[in-house]
Structure formats: C-alpha cells, structure tokens
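K.L.:
A predicted structure for the sequence below; I have some questions about it.
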Amino acid sequence: MNKFKNYYANVKAELLKVIFPIKEQIRSAYLSVFIVVTVITLFLALIDGIMSLSLSSIIN
C-alpha cells in the first residue's frame, strides 16, 4: 500500500509540472498545421497532374 501512495504522490507532483497550452496557442498550432497540410496537398496534386499529363502524352 505504501508503494501505491508513493506512486500517487509522484504522479500528482509530475502533473503539477505540466504546462497546458492556452486557447491562442492551440488556435495558432491548428492554423499552422492546416496551412502546411493544405500547401502540401496542393503541391502533390500539381505533381500528380503533371505526371498524369506527361504519361498520357507518352502513351498516346
């Protein structure tokens, strides 16, 4: 039982050290991820379109 109390006290002490993000930080991180994913998606769509057109011109 003493081990459990010690473990619980350690967990509580570690949770007090955690810094949770504020609303603005979450919003900023979300916006950054959304922009990066959108740019990468557009880039890959462009590459896919170019490769598709080049392959179809080679085949025909």
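P.N.:
Right, received. Where do you want to start? Numbers count the residues shown, from 1 in each chain.
K.L.:
can you tell me the element residue 41 falls in?
P.N.:
Taking DSSP states H and E as the definition, one finds residue 41 inside helix 23-59.
K.L.:
pull the distance from that helix to the chain's centre.
P.N.:
Its chain's C-alpha centre and that of helix 23-59 lie 15 Å apart, by CA atoms, centre = their mean, to the nearest Å.
K.L.:
name the helices or strands packed onto it?
P.N.:
The criterion is 3 or more CB pairs under 8 Å, 6 or more residues apart in numbering; DSSP states H and E, and there are no helices or strands that helix 23-59 contacts. Heads up, the C-betas are built off the backbone N, CA and C, glycines and all.
K.L.:
mind listing what's buried in it?
P.N.:
For helix 23-59, a neighbour-count test (16 or more other CB atoms under 10 Å) marks nothing as buried.
K.L.:
again, but for stretch 2-18
P.N.:
Applying 16+ other CB under 10 Å to stretch 2-18 flags no residue as buried.
K.L.:
what average pLDDT does that stretch get?
P.N.:
If you average the pLDDT over stretch 2-18, you get 94.
K.L.:
now swap in stretch 27-38 and tell me
P.N.:
Stretch 27-38 carries an average pLDDT of 98.
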